[in-house]
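Undergrad: build the 3D model from these lines:
(chains A and B)
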Amino acid sequence: MIESTAAVELDGITKTFGPVRAVDGLDLRINPGEVVAFLGPNGAGKTTTIDMLLGLSHPTSGTVKVFGGDARRAVALGRVSAVMQTGGLLKDFTVRETVELTASLFRPARSVDEVLERAGIADVADRLVGKASGGQQQRLRFALALVPDPDLLILDEPTTGMDVQGRRDFWDAIRTDAARGRTTVFATHYLEEADAYADRIVLVRRGRVVADGTAAEIKSLAAGRTVRATLRAPDVEAITTVPGVDSVDVRGDSVIVHGSDSDAVARYLLNHTDARDLEVTSRNLEDAFMALTGDPEPEGAHA
Amino acid sequence: MSTTTTAGLARRTPPLGGFSWPFLRLELQRLLRNRRAVIFTLIMPSAFFLLFGTDGDYKTQATSHGNVTAYIMVSMAVYGAMIATTSGGAMVATERALGWSRQLRLTPLHPVAYVAIKTAVAMSMAAVAIIVVMVIGQFFGADAPTWRLVLCALLGWLCSAVFAALGLFVGYLLPSENVMQVLGPVLALLSFAGGLFLPLSEMSDVFASIAKLSPAYGVGVIARWPIDTDQGNLAIAVVNVVVWLALFAAGAAWRMSKDTQRV
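TA: As a prediction, this is how the structure comes out:
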């Protein structure tokens, strides 16, 4: 029953700022419980889309539905909350006071101590925000987002400016908190974060979805997989006829086959040749990202 | 789990759009932590009173229902209330500049409730500013019947709403972190021009006529009226307060509606 309503439903949304088309016909459906990475280069329209998800701006055309209804309403009820890039904090509140103030607004609200604990800032609760480090301030934003115990949590580049350890701790906190099935959408340009923490990656470019799938699917979609095996005098022509193969290289005793269906290649090599030491590797997400979001060819009349 | 579903059904928005005592208390706490705000609203007006109002002659010179020291005390209390309310309203500018208002848009806080809280904070600070000067005055020769002084305080406090509206208007007009650095000197100028530091009777006729247009004029005259009925025309003072309040409140409402439309 609950699953029938999408957490997020974007239907052909566009957003133009003067002559600039920041979002250009974006469709997206996110089901409850999914952890989705919103990945794309700068200017791809990620933040603009997130603003519309939170009702902070309205699409030029198309519809935005959050839990089947109005985004502002979902925010006011605490069903959706967010850690924004631009959300400011007041320096002369303490960390605890900032959370208390936010908690005074939500019905129901989680306990202040619990939220501080979850975000890993209980030890600096009485520090003035202005005296807290950048990483601590970012965790405070996360704590504020946890106050209403949202069903959907949106994170816009949440670990910008954090060091490696800070980033790891932050994601641990998010994962611990999301373990009970909270829908989470995060925009990031850290590819390894998308790869490590998302069930699903939505790749956007020029305000459109260019790829959508698991990290593995995205990688294979862009670059396929590479099968390497040790094999003397391979029959290159026979290998080329295996479905999905797009290149065959022979380097000394090794044959390197690249294609979209690595299983078929491996099956062929093991069943029909003397190949051994077989290795299947996928390109990493960085390669997929470059291949899918880079600008390969000028697409006609882009001014 | 079904518990999250139950929680989902029970979700609602806060009463009064989010205006609440805990919110107000946190804001007041924060303001009292701001050293500059405390110096300008609580210490400076009292210092001015001690500097300008406690001359031996002033303690013996009478107004219609008190002495000149009491007259200057009330003027300085009004000056303190002006700074308190203007800076309270102008907090909006800082909060917009820092992006805090954007953070608040991720909560159910209603824009009207937000302005109500800022106004309440401003008026609370004004009350403290007035009380501090009036209490100090008691120890330094301000003399008038107590009920008249209480009435002065109350009238001065109510009329300082004009400046809460001014602060809000400017706060929505100029999203700057340091808006009070502009407003501070402007308030001092308005106070001089409005007769808070110098009675209109000491000014030339031209200046005295211009003074009646200053938003500080009406507040001062009304606040001092219970102890001095010889200082001019009460009707002009009332018109002054009503017109300036209407103008500033309309300006604030106009800028605020622009701000919330933009979302």
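Undergrad: hey, where'd the helices end up in chain A?
TA: Counting by DSSP state H, chain A has these helices, from start to end: A:46-53, A:71-76, A:95-103, A:112-118, A:134-146, A:164-178, A:191-197, A:215-223, A:236-240, A:262-272, A:285-293.
Undergrad: for chain B, find the nearest of the ones you listed.
TA: When those are ranked by proximity to chain B, the top entry is helix A:71-76, at 4.0 Å, counting by Cβ to the nearest Cβ. For every residue, glycine as well, the C-beta is placed using N, CA and C.
Undergrad: helices or strands up against that closest one?
TA: Contact partners of helix A:71-76 among helices and strands, from 3 or more Cβ pairs under 8 Å, 6 or more residues apart in numbering or on different chains; DSSP states H and E: strand A:61-66, strand A:80-83.
Undergrad: and those: which comes nearest chain B?
TA: Using Cβ to the nearest Cβ as the criterion, the shortest distance between chain B and the helices and strands packed on helix A:71-76 is 5.7 Å, found for strand A:80-83.
Undergrad: quick one: mean pLDDT over that closest one.
TA: Across strand A:80-83, the average pLDDT comes to 95.
Undergrad: just stretch B:120-127 next, same as before
TA: Mean pLDDT, taken over the full extent of stretch B:120-127, equals 95.
Undergrad: hmm, back to that, now the helices of chain A as CSV including mean pLDDT and mean neighbour count?
TA: Converted to CSV, the helices of chain A look like this (pLDDT from 0 to 100; neighbours: other Cβ atoms under 10 Å in any protein chain shown):
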stretch, mean pLDDT, mean neighbour count
helix A:46-53, 93, 24
helix A:71-76, 94, 22
helix A:95-103, 97, 24
helix A:112-118, 94, 18
helix A:134-146, 91, 23
helix A:164-178, 82, 16
helix A:191-197, 84, 18
helix A:215-223, 73, 19
helix A:236-240, 88, 13
helix A:262-272, 89, 16
helix A:285-293, 68, 19
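Undergrad: reformat these as TSV; add distance to A:Thr5.
TA: What follows is the helices of chain A, written out as TSV (distance: least, Cβ to Cβ, whole Å):
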stretch	distance to A:Thr5
helix A:46-53	15
helix A:71-76	11
helix A:95-103	27
helix A:112-118	27
helix A:134-146	22
helix A:164-178	19
helix A:191-197	24
helix A:215-223	25
helix A:236-240	49
helix A:262-272	37
helix A:285-293	30
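Undergrad: ok so, going back, just say which of the helices and strands packed on helix A:71-76 is most tucked in.
TA: Comparing the helices and strands packed on helix A:71-76 on average neighbours per residue, with mean count of other Cβ atoms under 10 Å in any protein chain shown, the densest one is strand A:80-83 at a mean of 26.
Undergrad: distance of B:Tyr217 from B:Phe48?
TA: Computed as Cβ to Cβ, to the nearest Å, the B:Tyr217 to B:Phe48 distance reads 18 Å.
Undergrad: what does A:Tyr268 give?
TA: A:Tyr268 sits 94 Å away from B:Phe48 when distances are taken as Cβ to Cβ.
Undergrad: A:Pro19 too?
TA: 56 Å.
Undergrad: looking at these two, which is more packed in?
TA: Of the pair A:Pro19 and B:Phe48, B:Phe48 is the one with more neighbours under other Cβ atoms under 10 Å in any protein chain shown, namely 19 against 6.
Undergrad: count the neighbours of the residue in chain A that chain B sits nearest to for me.
TA: Of chain A, the residue with the smallest distance to chain B, taken as Cβ to the nearest Cβ, is A:Gly88 at 2.7 Å. Under the neighbour criterion other Cβ under 10 Å, A:Gly88 is assigned a count of 20.
Undergrad: repeat for the one 5 residues further on
TA: Other residues lying near A:Phe93 total 22 when counted by other Cβ under 10 Å.
Undergrad: flag every residue of chain B that's near chain A.
TA: Applying Cβ under 8 Å from any Cβ of the partner chain, one finds that chain B approaches chain A through B:1, B:4-5, B:7-8, B:10-14, B:18, B:20, B:22-23, B:26, B:29-30, B:33-34, B:95, B:98-100, B:102-103, B:105-109, B:263.
Undergrad: I figured A:Arg232 was touching A:Ala275, is that so?
TA: No - the pair A:Arg232 and A:Ala275 does not pass the contact test of Cβ atoms under 8 Å, sitting 9.6 Å apart.
Undergrad: who has more neighbours, these two?
TA: Neighbours were counted for A:Arg232 and for A:Ala275 using other Cβ under 10 Å; A:Ala275 has more, 23 against 12.
Undergrad: so the more buried one sits right up against A:Ile256, yeah?
TA: No - applying Cβ under 8 Å, one finds A:Ala275 not in contact with A:Ile256, separated by 11.6 Å.
Undergrad: near chain B, which residues of the stretch 51-200 of chain A are found?
TA: Residues of the stretch 51-200 of chain A lying close to chain B (Cβ under 8 Å from any Cβ) are A:54-58, A:75-79, A:81-82, A:84, A:86-93, A:97, A:100-102, A:104-108, A:141, A:144-145, A:148-149, A:151, A:180-181.
Undergrad: that concludes my questions; thank you for your assistance.
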